[in-house]
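J.: take a look and give me a structure for this.
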Amino acid sequence: MKTRKFGIEEIVVLGLTVLMLLAWGCTETKYITIAPPTPSKQDEAKSKLQEIYQQQLAYRQNTGVFWPAGGIEGSAANPYAFLPIGVDFNCTNRYSYVFTVVYDSVFVCRATSGILDGDATTDVWTIDEKGSLVVVSDDTRS
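T.: Numbers count the residues shown, from 1 in each chain. So this is what the prediction gives:
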C-alpha cells in the first residue's frame with residue numbers, strides 16, 4: 001500500500017482553507033434568525049392548570065384543606081370565580097375551568113375548550129392534587 005506524504009505547502013493551504021471556511025461560516029450564521037417556538041393552542045390550559053395547582057397547594061398549606069369550589073366554573077365569562085385562591089381569567093381564555101374537591105385532600109380541575117379548530121371534538125385537560133397534568137381529549141389530534 002502506497003502512502004503519500006504531504007509537503008509544508010499543502011498543509012499550509014489546507015489550514016488556510018479550513019480557517020477561511022470557519023470564518024465564512026461564523027459571519028454567515030449571524031444572519032440566520034431562529035424564530036421562537038410558536039405557542040400551542042393548548043399552552044393556555046397547561047399553564048392555567050399548573051397555576052391553579054400551585055395556588056391550591058398554597059391554600060392548603062394555610063388552611064389544611066383545598067379550596068372548596070365544587071362546581072364553580074372559571075372562564076372569560078366568569079373571570080373572578082377562582083379569586084379566593086388568587087387565580088383569575090382574562091377575556092381571551094379559550095378554556096373554561098371547573099374545579100371539584102372530592103375530599104378535603106383530593107381535587108380535580110378540568111379545562112375544556114371546543115373552539116381550538118372548529119370541529120366537534122373538545123379539548124379536555126385535567127390536573128389533580130398530585131400535579132398530574134393529563135390530556136383527556138386532544139382536539140389537536142382530530
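J.: and the helices in this structure?
T.: 8-29, 43-63 (DSSP state H).
J.: of all those helices, which one is nearest residue 77?
T.: helix 43-63 (15.0 Å; CB to CB). C-betas here are computed from N, CA, C, even on glycine.
J.: quick revisit: with respect to burial, which of the helices of the chain scores highest?
T.: Mean neighbours per residue, mean count of other CB atoms under 10 Å, is largest over the helices of the chain for helix 43-63, with a mean of 16.
J.: name the helices or strands packed onto it?
T.: Helix 43-63 sits against strand 96-103, strand 106-113, strand 123-128, strand 133-137, with contacts defined as 3 or more CB pairs under 8 Å, 6 or more residues apart in numbering; DSSP states H and E.
J.: same question for that helix, mean pLDDT?
T.: For helix 43-63, the mean pLDDT works out to 91.
J.: could you redo the helices and strands packed on helix 43-63 as CSV and give each row mean pLDDT, mean neighbour count and distance to residue 45?
T.: As requested, the helices and strands packed on helix 43-63 are arranged in CSV below (pLDDT from 0 to 100; neighbours: other CB atoms under 10 Å; distance: least, CB to CB, whole Å):
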stretch, mean pLDDT, mean neighbour count, distance to residue 45
strand 96-103, 81, 18, 8
strand 106-113, 89, 20, 4
strand 123-128, 92, 21, 4
strand 133-137, 92, 13, 9
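J.: before we move on, back to that, quick one: closest of the helices of the chain to residue 72.
T.: helix 43-63 (11.8 Å).
J.: contacts for that closest one next, please.
T.: The contact list for helix 43-63, computed with CB atoms under 8 Å, 6 or more residues apart in numbering, reads 66-67, 82, 84-87, 89, 93-95, 97, 99, 105, 107, 109, 111, 113, 123, 125-127, 129, 131, 133.
J.: I'd say residue 67 and residue 104 touch.
T.: No. With contacts counted by CB atoms under 8 Å, residue 67 stays clear of residue 104, the gap being 10.5 Å.
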